[in-house]
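> no FASTA, just this:
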């Protein structure tokens, strides 16, 4: 009687081990999908950040040029000049965000490597 009981327990243990292995395999697949989704979200967030910074720089340049023309009276030239400056600033922001251009150094003395 105990042999039948031990065999039944051993059979249940093997079946449960197989189910656990299958479930762990499924969890690994789900974790891989989640990592891929997270990378996709990070890419989308970076793209939106870069595009909004680029558009904002152009809009600020346009508005500064428009206001300069309005108060000084140099009708199209201030807007054209500041629009081009805003475009250049937008390109520089995009290149900095992507990492192709180094960020400007601060002049507060922290980056002198302990000399002072």
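Received the coordinates, thanks. It should be emphasised that the depicted structure is a prediction, and the values quoted were computed from it without experimental measurement. Numbers count the residues shown, from 1 in each chain.
> sec struct for residue 105, please.
What DSSP: H, G, I helix; E, B strand; the rest coil gives for residue 105 is coil.
> How many neighbouring residues does it have?
Using other CB atoms under 10 Å, residue 105 has 8 other residues around it. Backbone N, C-alpha and C define where each C-beta goes, glycine included.
> what does the model give it for pLDDT?
As predicted, residue 105 sits at a pLDDT of 79.
> What values do phi and psi take at it?
Phi and psi for residue 105, reported as degrees, to the nearest 10, are phi -80, psi 150.
> likewise residue 107?
Torsion angles, degrees, to the nearest 10, at residue 107: phi -110, psi 30.
> Could you measure from it over to residue 95?
Per CB to CB, to the nearest Å, residue 107 is found 22 Å from residue 95.
> Have a look at those two and say which one is more surrounded.
Set side by side, residue 107 and residue 95 show more neighbours around residue 95, with 13 against 7, by other CB under 10 Å.
> three-state assignment of the nearest residue to that one once chain neighbours are set aside?
The spatially closest residue to residue 95, leaving aside those adjacent along the chain, is residue 101, at 4.2 Å (CB to CB, 6 or more residues apart in numbering). Using three-state DSSP, the structure places residue 101 in coil.
> Return the per-residue confidence for residue 101.
Reading off the model, residue 101 has pLDDT 79.
> Then residue 110?
60.
> repeat for residue 62
95.
> Quick check: which element contains the spatially most central residue of the chain?
By CA atoms, centre = their mean, the chain has its centre lying nearest to residue 46, at 3.5 Å. Using DSSP states H and E, residue 46 falls within helix 2-72.
> Then residue 91?
helix 77-98.
> Which strands or helices does that helix pack on?
Packing partners of helix 77-98 (3 or more CB pairs under 8 Å, 6 or more residues apart in numbering; DSSP states H and E): helix 2-72.
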